[in-house]
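Asks: Turn this into a model:
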Amino acid sequence: MTLQQLEYILALDTHRHFVNAAESCFVTQPTLTLQIKKLETEMGLQIFDRSKHPIEPTKTGLKVIESARQILREVNGLKSFINKEKDDLSGTFRIGVIPTVAPYLMPRFLKQFIDANPKIHLVIREIESEQIIVDLKNDLLDIGILATPLDENSLREIPLYNEPFLIYSSEEHPLFTKQHIQPSDLPEKGLWLLNQGHCLRNQVLSVCRQKKNSSNNNLSYESGSIETLKNLVKNNMGYTLVPELSVIDTLNTDAKIKRFDKPEPSREISMVVHQSFNKEAILEMIKESILQNIPSQFSKAKTYNRIKWR
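Replies: All right, here's what the predicted structure looks like:
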């Protein structure tokens, strides 16, 4: 027994004519006739008396039709409920954001988003990419905001924007005076990196094509903070690569910030959810709110060279 077969018997009860019933279901008359016959055979009873003109349900058939209407009514109610749930902008959502995105992106849109959606409660955690992936798979997070692609079959990626990497160079470093810079121009000496485990570290190494630890002459320093690396550079110690949002407020006034020649290396930032996540409305609202509060050129992928981290 299938829902489609139940719909066919209801159509035949309504029209009392095989051809008209088939047309109302957008199938051929032989298809509808065959499916109803299969249902009668499966049930071991006759639903319609075909000797009558127009066709009529049998006494037992009337009870079957009544039950079929109730079943389909409940199924349609369930579909409506699911659709309402998908579009319902209320409830609690658990979001994981990588530390190299959170302090620069989240303050830009959170207040606007919360003010516009008072029925939504966001629980936000700053955690590294690999843990976000694990937590999404184990239903400990609803949404992740991190660098992609991930190449995880159980997860769905919703790209948000492409963020360029910029050079942040001390005044004493040779990069400070260069007018045009390609990734191949980046020296090994003086490069500061984040700790192991940060996807940004892997991306920076990919841009620089290096496998070295962060060091500067006789000093090694492991940091989990972009701001720490920037402060090292400010004190005339080497250089680092930073995502544009981390320097957006001083982009036009700080001479230590240098752009790469185009196409600029960039990272793709996406929302990531489990394949079973179905609250499409919340995803659309978050995406729209983010895009309204970041530089418009971030969405133009063709101007960037996306750097993977895995």
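Asks: next helix or strand past the lengthiest helix in the chain?
Replies: In the chain, with assignment by DSSP state H, the single longest helix is helix 59-87. Moving toward the C-terminus from helix 59-87, the next helix or strand (DSSP states H and E) is strand 91-97.
Asks: pLDDT on that following strand, on average?
Replies: Across strand 91-97, the average pLDDT comes to 92.
Asks: start the count at 696, not 1, going forward
Replies: All set: I'll call the first residue 696, so the last point we hit is now strand 786-792.
Asks: relative to helix 754-782, how tilted is that strand?
Replies: Relative orientation of strand 786-792 versus helix 754-782 (axes from the mean of the first three to the mean of the last three CA atoms, to 10 degrees): 50 degrees.
Asks: what sits against the closest residue to residue 734 other than its chain neighbours?
Replies: Using CB to CB, 6 or more residues apart in numbering and skipping the chain neighbours, the partner closest in space to residue 734 is residue 700 (4.5 Å). Backbone N, C-alpha and C define where each C-beta goes, glycine included. By CB atoms under 8 Å, 6 or more residues apart in numbering, the contact set of residue 700 is 730-731, 733-734.
Asks: and with 7 Å instead?
Replies: When contacts are counted by CB atoms under 7 Å, 6 or more residues apart in numbering, residue 700 touches 730-731, 734.
Asks: Could you do residue 710 as well?
Replies: Counting by CB under 7 Å, 6+ apart, residue 710 has contacts 716, 719.
Asks: Next one, pLDDT for it please.
Replies: pLDDT, residue 710: 92.
Asks: Could you pull up the mean pLDDT of the longest helix of the chain?
Replies: 81.
Asks: how far away is the nearest residue in space to residue 812 that is not next to it in sequence from residue 838?
Replies: The shortest distance from residue 812 to any non-neighbouring residue, by CB to CB, 6+ apart, is to residue 784 (5.5 Å). Per CB to CB, to the nearest Å, residue 784 is found 14 Å from residue 838.
Asks: Settle it for me: which of those two has more neighbours?
Replies: Ranked by neighbour count (other CB atoms under 10 Å), residue 784 and residue 838 place residue 838 first, with 23 against 14.
Asks: hey, what's that one bridged with?
Replies: Note on residue 838: beta-bridge partners residue 790, judged by DSSP bridges.
Asks: Is the residue nearest to residue 734 within a helix or a strand, and which one?
Replies: Residue-wise, residue 700 maps onto helix 698-710 under DSSP H and E.
Asks: got the buried residues for that helix?
Replies: By 16 or more other CB atoms under 10 Å, the buried positions in helix 698-710 come out as 700-708, 710.
Asks: what's the burial count for residue 799?
Replies: Per other CB under 10 Å, the neighbour tally for residue 799 reads 19.
Asks: quick one: contacts for it?
Replies: Residue 799 neighbours (CB under 7 Å, 6+ apart): 940-941.
Asks: what's the helix or strand for it?
Replies: Per DSSP H and E: helix 797-811 holds residue 799.
Asks: can I get the buried residues of helix 698-710 in CSV with distance to residue 889?
Replies: Rendered in CSV, the data for the buried residues of helix 698-710 read as follows (distance: CB to CB, whole Å):
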residue, distance to residue 889
700, 60
701, 59
702, 58
703, 62
704, 65
705, 63
706, 64
707, 68
708, 69
710, 69
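Asks: Out of those residues, which comes closest to residue 796?
Replies: residue 702 (48.3 Å; CB to CB).
Asks: hang on, the closest one packs against residue 720?
Replies: Yes: the pair residue 702 and residue 720 qualifies as a contact (CB atoms under 7 Å) at a distance of 6.5 Å.
Asks: quick one: contacts for residue 749?
Replies: Counting by CB under 7 Å, 6+ apart, residue 749 has contacts 711-712.
Asks: Using the three-state scheme, assign it.
Replies: Secondary structure state of residue 749, per DSSP: H, G, I helix; E, B strand; the rest coil, is coil.
Asks: quick one: the strands in this protein?
Replies: 743-744, 751-752, 786-792, 815-821, 838-843, 850-864, 910-911, 914-915, 934-938, 952-953, 959-969, 999-1001 (DSSP state E).
Asks: of all the buried residues of helix 698-710, which comes closest to residue 854?
Replies: Using CB to CB, residue 702 is the member of the buried residues of helix 698-710 that sits closest to residue 854, with 39.0 Å.
Asks: which residue sits closest to residue 713 in space, ignoring its chain neighbours?
Replies: Counting by CB to CB, 6+ apart, residue 713 lies nearest to residue 724, which is 5.2 Å off, once chain neighbours are set aside.
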